[in-house]
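> Predicted model, plus sequence, below.
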Amino acid sequence: MRGKPLMAGRIVPEGGWQHRLKPRRTPRVKVDRHRQFIKGLPCICCMIERGAEIQADDPMHIRSASLLHGKDETGGGRTADDRWTLPGCRPHHDEQHRGDELGFWQGMGIDPFLLALVLWGVTGDYHAAVQVMREHVRTAGWHRAVEGARAAAEA
């Protein structure tokens, strides 16, 4: 075949290969109003474990990803957007990040992605947020009872 030889520009994608290999990092969305709102709510884990509404002082950012909810993976020095935040106390925040994060939430009986999105939607409305959390606690209690019965049956 005669004509011009193939040029490297036609083979290498625009921006080069490195551009294609590195995942794009989007800047973290920080919303101080929402973070302060989350800090003013009770710790969701204390509500489930103790039935007590102890004020959260340490917002728990969800690190795990969920394609269903549009949540990207974070970690390695990156914190999730503030919309992916749940109210928590320091001990539960530490426990959340200690090991298997999704296992932690599953053990609590919480869908962290759904709860975070609902709290994001009611930012500023304390009473609506607490009602949503109480409903999550009720559902989590049912979930934990089912899991406990299942574990007892297997033993």
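Noted; the coordinates are in hand.

> For the rest of this, base every contact and every neighbour count on C-alpha atoms.
OK.

> how close does A140 sit to E95?
Separation of A140 from E95 (C-alpha to C-alpha, to the nearest Å) stands at 18 Å.

> So the two - more neighbours on which side?
Neighbour tally, A140 and E95, criterion other C-alpha atoms under 10 Å: the higher count belongs to A140, 21 against 12.

> Please name the spatially closest residue to the residue positioned nearest the centre of the chain (chain neighbours excluded).
Centroid-nearest residue in the chain, with C-alpha atoms, centre = their mean: I62, separated by 2.7 Å. With sequence-adjacent residues excluded and distances taken as C-alpha to C-alpha, 6 or more residues apart in numbering, I62 is closest to W84, at 5.6 Å.

> host element of A52?
Using DSSP states H and E, A52 sits within no helix or strand.

> residue boundaries of the strands in this structure?
60-61, 85-86 (DSSP state E).

> Sketch out the low-pLDDT regions of the protein for me.
Along the chain, segments meeting pLDDT under 70 span 1-28, 74-78, 142-152, 155.

> One more pass at 50, please.
For the chain, the stretches with pLDDT under 50 are 8-9.

> I'd like to know how far Q96 sits from L115.
On the measure of C-alpha to C-alpha, Q96 and L115 end up 15 Å apart.

> With only the CA atoms kept, save stretch 52-62 in CSV.
Taking C-alpha atoms only, stretch 52-62 is exported to CSV below (Å, rounded to 0.1, in the frame of the first residue of the first chain):
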residue,chain,number,x,y,z
ALA,A,52,-29.7,6.3,73.2
GLU,A,53,-29.6,9.5,71.2
ILE,A,54,-26.1,10.6,72.0
GLN,A,55,-25.0,13.7,69.9
ALA,A,56,-22.6,12.9,67.1
ASP,A,57,-19.4,14.8,67.2
ASP,A,58,-17.4,13.0,64.5
PRO,A,59,-19.0,12.8,61.0
MET,A,60,-18.4,9.4,59.4
HIS,A,61,-17.5,9.7,55.7
ILE,A,62,-18.3,6.5,53.8
